[in-house]
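Trainee: For reference, the sequence and a predicted model appear below.
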Amino acid sequence: MEYILYISRFLYRIRWWLILGTISITFIAYYLTRNLGRTYSVEATVYTGVASGYSLEQGDTRVDWATTQNAIDNLINIMRSESTLQRVSIRLYARNLINGNPNEDNEYIKASNYNYRYNHVKNSPDGKRILSLIDKSSEDKTVANLTNYSRPTKDNYIYGLFRYNPPHYSFDALKRIRVSRKDASDLLTVSYSTDDPGITYNTIKILMDEFVNEYRVIRYGETDKVIEYFKNELIRIGNELKQQEDSLTQYNVEKRIINYYDETKEIAAINKEFEIREQDILFQYNSSKAMIQELERQMDINAKQILNNIQFVNKLREASILTGKISEMETVPAENSGESLDNYKKRLSDARKALSKISDNYVTSQHTKEGVAKTSIIEQWLDQTLEFEKAKSNLQIIQQSRHDLDDRYRFFAPVGSTIKQKERSISFIEQSYLTTLKSYNDALMRRKNLEMTSATIKVLNPPAFPITSEPTARKKIVMAACLGSFLFILGFFLLQELLDRTLRDSIRTRRLTDLNLLGAFPKRSSIKLRKYENECHRISVRQLSSSVLRFFTERKKGLPFIVNFLSTEGGEGKSHLSEQLLDYWKSIGLKVHKLTWGVDFDPNSRRFLLAESITDLYTPQDEDIVIVEYPNLKQNNIPDQLLQNTNLNLVIARADRGWKATDKIELDKLKKQVGSAPIHIYLNNASREVVEDYTGMLPPYTFIREQIYRLSQFALTEKVSYKSKKRPITEEEDDDDE
C-alpha cells in the first residue's frame with residue numbers, strides 16, 4: 001500500500017508535465033500533419049492455376065504442396081524481380097510523359113506530378129535529347145528509345161531514374177508493391193499505394209502485362225533452347241544414321257553380299273558336305289590303290305605284259321580321262337550339262353568295252369588253258385584301275401573345291417567383322433536417335449504444358465482506377481504522438497525518480513538513510529496558501545513535539561531530558577526547528593533550555609572535544625528539557641558520550657537536497673557513535689503532501705481539499721462529511737489531543 005501511495009504521489013507530482021507536455025506534443029503533431037498527403041490504393045488478383053490447373057505431365061492426381069509452393073514463390077519473385085520492375089519503371093515513365101497534362105489531372109498522372117517530372121527532365125544536362133525520344137504516337141517506340149538510351153552510368157538520366165530515389169519510378173518506390181498468396185489457393189493478390197491515383201493504377205496495369213511476358217520468356221526460353229538442341233541432334237544423328245546405312249549397303253554391293261548370315265551358313269554346310277565326301281573318296285582312292293597293288297602282285301610276268309601294250313595303255317588313259325571328267329561333272333554340276341554327261345558316260349562305256357576286248361584278245365592269244373584265271377585277274381585289275389582313276393579325279397575335284405571354300409572363308413571372315421562393326425555402329429546410332437527423339441517429344445510435351453500453364457495465368461480482377469483516397473494516417477500519427485509523448489515524459493521522470501537521490505519524502509528518506517522518519521516540516525507556501533502558513537507551522541511543530549516527547553521515558557538523576565539536533569551539512573534548518581520547538585514547549589509551560597554551538601560552547605575547544613556529559617558544557621538548573629544544537633558532522637566531530645547520553649538524536653535534513661556519498665559516510669559514522677541511543681531523522685522544507693502523512697490534513701479545510709486528501713490516502717469508502725467552515729483549534733482541544 002505504501003508503494004501504491006508513493007506511485008500515485010509520483011504521478012500527481014508530475015501531473016502538469018504529463019498533461020501539458022502530452023497536449024503540446026499532440027497539438028504539434030496535429031498541426032504538422034494538417035497537409036498530410038493522401039494515398040490511393042489499387043489491387044488486382046491473378047489466377048495462376050499452379051495447384052488446381054490441368055497438366056500434361058501429371059501422372060498422379062495428387063498435389064505436391066512443396067512443388068506448388070515453390071511455383072507460387074517463383075511467380076511472386078518474378079513479379080517483384082528487379083528486371084521486371086525496371087521495365088515497369090521505363091514504361092510507366094514513357095506513358096506519363098506521353099499522356100500527362102500540365103493543366104489538369106487525368107487517368108495517367110496528376111498535373112502537379114507531371115509538371116515536376118517534366119521540368120526535372122527538361123532541366124537535366126541531357127534533357128533535350130531525352131525529350132526528343134518521346135514519341136507521342138507510339139508508347140512502344142518511346143519505351144524502345146528510352147531503353148536504348150539507358151546506360152549503366154551515374155550520369156545517365158534514365159538509368160538513374162530507376163537506381164536513385166525519385167518517387168514513383170525508382171526501385172525503392174516500386175518494391176513497395178505487395179504480392180501475396182490468398183490462403184492456399186491459386187490466387188495472387190497484388191496491391192500498391194501512392195499519392196497519385198493515375199500512377200498507382202497504371203503501375204499495377206503495366207506490372208500485370210510485364211509479369212505475364214516475363215514469365216513466358218523465362219519458361220519458353222529454357223524450353224525452346226532444349227527443343228532446338230534436341231531438334232539439331234535429331235538431324236545430326238539422322239544424317240549420321242543414313243550415312244552408316246548407305247555405307248553398309250555400298251559395302252554389301254562391293255562385296256556382292258546379299259545375306260551374309262545365310263551365305264555363311266550355306267558355305268559352312270557345303271564345307272561339311274565336302275569334308276564327308278572327301279573322306280569317302282579318299283577311302284575309295286586308298287582302297288582302289290591297295291587293290292591294284294594286290295592284283296598286280298598276283299599277276300605273273302605274262303599277265304603284266306598287257307600293261308605295256310600301247311593300245312591298252314592309250315585306251316586306259318582315255319578311260320581315266322573320261323572317268324575324271326564324269327566325276328567332275330557329277331561333283332560340280334553345270335547348267336545344260338545333261339547331254340554332255342551322257343555322252344561322256346557312253347564314251348566311257350565304249351572305252352571300257354575296248355579295254356575288255358584288248359585284254360581278252362591278248363590273254364587268248366598268249367596263254368593256254370591256264371589263261372582263264374589270268375583273264376579274271378586282269379578284269380579285276382581293270383575295274384580297280386578305273387575305280388582308282390575315278391577316285392583320284394574325285395579327290396582332286398574335292399580338294400580343289402576345298403581350296404575354293406578356303407578362299408571363300410578368307411573372303412567372308414573380314415567381311416563379317418566389318419558388317420558386324422557397321423551394324424553395331426548403326427544400332428548404337430539408332431538407339432541414340434530413338435533416345436533423342438524421346439527427349440525431343442518430352443520437350444515438346446513440356447512446352448505444350450507450359451503453354452497450358454501460361455494460358456491459365458489470368459488477371460482475374462484487373463486493377464481499377466481509384467476514385468477515393470485511403471484514410472490518412474493522421475489520426476494514427478496524432479494518437480501515436482499523444483501516447484508516445486505521454487510514455488516518454490513518464491519514462492523520463494520515472495528514470496529520474498529511480499536515479500534521483502533527493503530525500504523529498506518518507507519512503508526515499510528511509511531507503512537512502514536507513515533511519516526512521518520522525519516527521520516533516522513544510523516549506524514556504526504558495527501565495528494562495530500563504531495566509532495558512534503560520535497555522536501549518538504550528539501544526540507541524542506540535543506533531544514534532546508529540547513525537548519527541550514519546551522518547552522522554554527515562555530521566556537521569558540530576559539531569560533534564562536531552563534532545564540533540566544534528567545534521568551532516570550546514571543550512572539544514574536546525575536552528576529554525578529548534579527555535580520553533582523551544583517556543584512551543586515554553587508556550588505549553590515546559591522549562592526548556594537550548595545550547596547552541598558557537599554561542600554556548602566552542603566545537604573546537606578542548607572542553608567540548610573531551611566532554612563526557614552535558615554537564616561539561618553547562619550547569620543544569622531546574623530545566624525539564626535541554627535542546628542541544630550541534631555543528632554539522634562534515635566539518636566537526638562530536639564526542640561519543642554526548643551522543644550516547646541523550647534521550648533522542650534527531651538528524652535534520654532538507655527534503656529538497658540530494659543525499660550524497662559524504663552524507664552517507666557521516667551518517668554511518670554517527671550510527672556507530674550513538675551506540676544504543678535512539679537516532680531518527682526529520683525532514684525540513686518538505687512538501688505539504690509529505691507533512692500531511694504525519695500531521696494529517698493541513699488547512700484550508702475545504703470540501704474539495706478534503707476529498708482530494710481522502711483519495712490521496714486511499715480512504716475510498718470513508719464516510720464523507722462536509723462543514724462549510726473549519727473553526728480554529730483551541731489550546732484546550734490541543735491539550736486534549738495530546
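Mentor: That came through fine.

Trainee: ok, Tyr584 to Gln641 distance?
Mentor: Note on Tyr584: its distance to Gln641, by C-beta to C-beta, to the nearest Å, is 29 Å. In short, each C-beta sits where N, CA and C put it, glycine included.

Trainee: Revised request: answer the last question for Leu490.
Mentor: From Leu490 over to Gln641 the distance is 51 Å, taken as C-beta to C-beta.

Trainee: And for Asp624?
Mentor: Applying C-beta to C-beta, the value for Asp624 to Gln641 is 22 Å.

Trainee: again, but for Asp126
Mentor: Asp126 sits 98 Å away from Gln641 when distances are taken as C-beta to C-beta.

Trainee: same check, this time on Leu498
Mentor: Going from Leu498 to Gln641 by C-beta to C-beta gives 41 Å.

Trainee: Could you do Glu533 as well?
Mentor: Glu533 is 40 Å from Gln641, by C-beta to C-beta.

Trainee: again with Ser425
Mentor: Noted for Ser425: a distance of 127 Å to Gln641, by C-beta to C-beta.

Trainee: and if you look at Ala464?
Mentor: Applying C-beta to C-beta to Ala464 and Gln641 gives a distance of 97 Å.

Trainee: who has more neighbours, the two?
Mentor: Comparing Ala464 with Gln641 by neighbour count (other C-beta atoms under 10 Å), the higher total belongs to Gln641, at 16 against 12.

Trainee: host element of that one?
Mentor: Assigned by DSSP states H and E, Gln641 belongs to helix 640-644.

Trainee: Next, the contact list for Phe230, please.
Mentor: Counting by C-beta atoms under 8 Å, 6 or more residues apart in numbering, Phe230 touches 436, 439-440, 443.

Trainee: And for Ser349?
Mentor: With C-beta under 8 Å, 6+ apart as the criterion, no residue contacts Ser349.

Trainee: which SS class is it?
Mentor: Judged by DSSP: H, G, I helix; E, B strand; the rest coil, the three-state class of Ser349 is helix.

Trainee: gap between it and Leu322?
Mentor: Per C-beta to C-beta, Ser349 is found 9 Å from Leu322.

Trainee: Ile158 is in contact with Ile130, isn't it?
Mentor: Yes - with contacts counted by C-beta atoms under 8 Å, Ile158 reaches Ile130, the gap being 7.1 Å.

Trainee: Now list whatever residues contact both of these two.
Mentor: 146, 149.

Trainee: the more surrounded of these two?
Mentor: A direct count of neighbours by other C-beta under 10 Å for Ile158 and Ile130 places Ile158 higher, at 23 against 20.

Trainee: rewinding a little: hey, C-alpha coordinates of the helix holding Gln641 in PDB?
Mentor: Output of helix 640-644 as PDB, limited to C-alpha atoms (Å, rounded to 0.1, in the frame of the first residue of the first chain):
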ATOM      1  CA  ASP A 640      30.600   9.800  21.600                       C
ATOM      2  CA  GLN A 641      29.400  10.400  25.300                       C
ATOM      3  CA  LEU A 642      27.400  13.400  24.300                       C
ATOM      4  CA  LEU A 643      25.600  11.400  21.600                       C
ATOM      5  CA  GLN A 644      25.000   8.400  23.800                       C
END
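
Trainee: Skip ahead from it and say which helix or strand is next.
Mentor: Using DSSP H and E, the helix or strand that follows helix 640-644 in sequence is strand 648-654.

Trainee: for that following strand, packing partners?
Mentor: Counting contacts by 3 or more C-beta pairs under 8 Å, 6 or more residues apart in numbering; DSSP states H and E, strand 648-654 packs against helix 506-513, strand 561-566, helix 661-674, strand 679-686.

Trainee: Indicate each strand paired with it and its parallel or antiparallel sense.
Mentor: Note on strand 648-654: by DSSP bridges, its sheet partners are strand 561-566 (parallel), strand 679-686 (parallel).

Trainee: looking at these, which is closest to Lys265?
Mentor: Closest to Lys265 of the strands paired with strand 648-654 is strand 679-686 (C-beta to C-beta; 131.3 Å).

Trainee: what angle separates that closest one from helix 661-674?
Mentor: 140 degrees (axes from the mean of the first three to the mean of the last three C-alpha atoms, to 10 degrees).

Trainee: ok now strand 679-686, how far from the chain's centre?
Mentor: In terms of C-alpha atoms, centre = their mean, to the nearest Å, the centre of strand 679-686 is found 65 Å from the chain centre.

Trainee: and the next helix or strand after that strand, what's its mean pLDDT?
Mentor: Where DSSP H and E defines the elements, the next helix or strand beyond strand 679-686 is helix 688-695. Helix 688-695 carries an average pLDDT of 86.

Trainee: tell me what helix 688-695 is packed against?
Mentor: Counting contacts by 3+ C-beta pairs under 8 Å, 6+ apart, helix 688-695 is packed against strand 517-522, helix 533-549.

Trainee: Summarise which helices and strands the first one is packed against.
Mentor: When contacts are defined as 3+ C-beta pairs under 8 Å, 6+ apart, strand 517-522 packs onto helix 506-513, helix 533-549, strand 679-686, helix 688-695.

Trainee: what does the last one give?
Mentor: In this structure, helix 533-549 makes packing contacts with strand 517-522, helix 574-587, helix 688-695, judged by 3+ C-beta pairs under 8 Å, 6+ apart.

Trainee: Could you check the angle it makes with strand 517-522?
Mentor: 170 degrees.

Trainee: can you give me the end-to-end distance of stretch 549-567?
Mentor: One end of stretch 549-567 sits 20 Å from the other (C-alpha to C-alpha, to the nearest Å).

Trainee: So what touches that stretch?
Mentor: Contacts with stretch 549-567, where a contact means C-beta under 8 Å, 6+ apart, come from 548, 574, 577-578, 593, 613-615, 620, 623-630, 632-633, 638, 642-643, 645-653, 670, 678.

Trainee: buried subset of the residues you listed?
Mentor: Burial by neighbour count, judged by 16 or more other C-beta atoms under 10 Å, picks out 548, 574, 577-578, 593, 614, 623, 625-630, 632-633, 638, 642-643, 645-653, 670 from the contacts of stretch 549-567.

Trainee: For the helices and strands packed on strand 648-654, give me a markdown table that also has distance to Glu718.
Mentor: Output for the helices and strands packed on strand 648-654, formatted as a markdown table (distance: least, C-beta to C-beta, whole Å):
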| stretch | distance to Glu718 |
| --- | --- |
| helix 506-513 | 22 |
| strand 561-566 | 36 |
| helix 661-674 | 38 |
| strand 679-686 | 25 |
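
Trainee: Comparing those by mean pLDDT, which bottoms out?
Mentor: Lowest mean pLDDT within the helices and strands packed on strand 648-654: helix 506-513, a mean of 88.
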